[in-house]
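>>> The following comprises the amino acid sequence and a computationally predicted model.
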Amino acid sequence: MTVKRTFRLGSLALLLGVAAPGCATKHDIRDLQSQLVLMQARQDSLFRSAQRQSRELLDSVRVTTDLLVRVRGELGHQLLGVEQQLVAVQELTGQSQRRLQDLNTQLQQRQEALATPPVSDSASLGAPAPPPPSQGVALRPGPPPSAGELYTLGQAQLQNGAFGTARLAFQQLLRSYPADTLAAAAQLGIAGSYVKEDATRALREFDRVVEQYPSSPRAPAALFRAGGLQRDRGNVARAREYFQRILARYPRSAEAAQARRELDRLRRR
């Protein structure tokens, strides 16, 4: 409104200034009035346009502010959820490691108890008995962990990314139950625990599955995983060798059909 009032006062002063000397004609005054009207209309249009742009800018700022507030709230909620999950994973990992340590302790104590020599007849006649091999260590009651418990623990640690702890469980299974039906699966688990840490060592462990347990269904699974690892490393020729070994030695296995598909893909390269 101030701009409009200033414009009108200036226009009136200009009109009076032109008419004062008495040299301007009525035609000139009409032309000047027409120009003033056009200028005022143009000014009003610019003023309305500026008001509209100002409102649009304010609306945009308001929407952006609301969006930022909403995004901050969602991010805060997500961060809280991630922190809670991290705490839960840490607690689970700690519990699993403590459980594995307890299982190892039980196995060692059982082995020491089995290694204790039997009491001779002289001991029953009053002769002093030899001291136990682990004086000061109380044997924990209960049976030692089974092969199934050790395998389940190892698999859980693999899924959690605790590869070192998983290997301990699988290695303990192989030491305590070398002839168990889960032995081949434990060796395959050991190989899988090295895939992200040491690919070369993983390939050796996969080969060991086939060497030590050639009749196990885990053998073609080990060959297929080794072939996939070689393919991912860019060793196409070695990958073909693993897949062809599956077709040659285990043509009726579930991995045979997968090996054929992989060989077809490798031929197209």
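Received, thanks.

>>> ok, and Ala41, which helix or strand is that part of?
Using DSSP states H and E, the element containing Ala41 is helix 26-115.

>>> remind me which residues of the stretch 51-200 of the chain are low pLDDT?
Within the stretch 51-200 of the chain, the segments meeting pLDDT under 70 span 71, 73, 75-77, 79-97, 106-142.

>>> For Leu32, see how far away Glu262 is.
91 Å (C-beta to C-beta, to the nearest Å). (C-beta placed from N, C-alpha, C; glycine too.)

>>> hmm, I was thinking of Gly228
The value you get for Gly228 to Leu32, if C-beta to C-beta is used, is 90 Å.

>>> same question, Arg175
Between Arg175 and Leu32 the computed distance is 110 Å (C-beta to C-beta).

>>> Looking at those two, which one has more neighbours?
Leu32 (16 against 11; other C-beta atoms under 10 Å).

>>> I'd like the distance between that one and Asp44.
Distance check for Leu32 against Asp44: by C-beta to C-beta, it reads 19 Å.

>>> cool, Tyr194 as well?
The gap separating Tyr194 from Asp44 is 80 Å, by C-beta to C-beta.

>>> More neighbours: these two, which one.
For Tyr194 and Asp44, the more surrounded residue by other C-beta under 10 Å is Tyr194, and the numbers stand at 19 against 13.

>>> contacting residues around the nearest residue to the more buried one once chain neighbours are set aside?
By the measure of C-beta to C-beta, 6 or more residues apart in numbering, the closest residue to Tyr194 outside its immediate chain neighbours is Ala202, 3.8 Å from it. Taking C-beta atoms under 8 Å, 6 or more residues apart in numbering, we find Ala202 in contact with 191-192, 194-195, 226, 229.

>>> which one of those is nearest Gln244?
Ala226 (12.2 Å; C-beta to C-beta).
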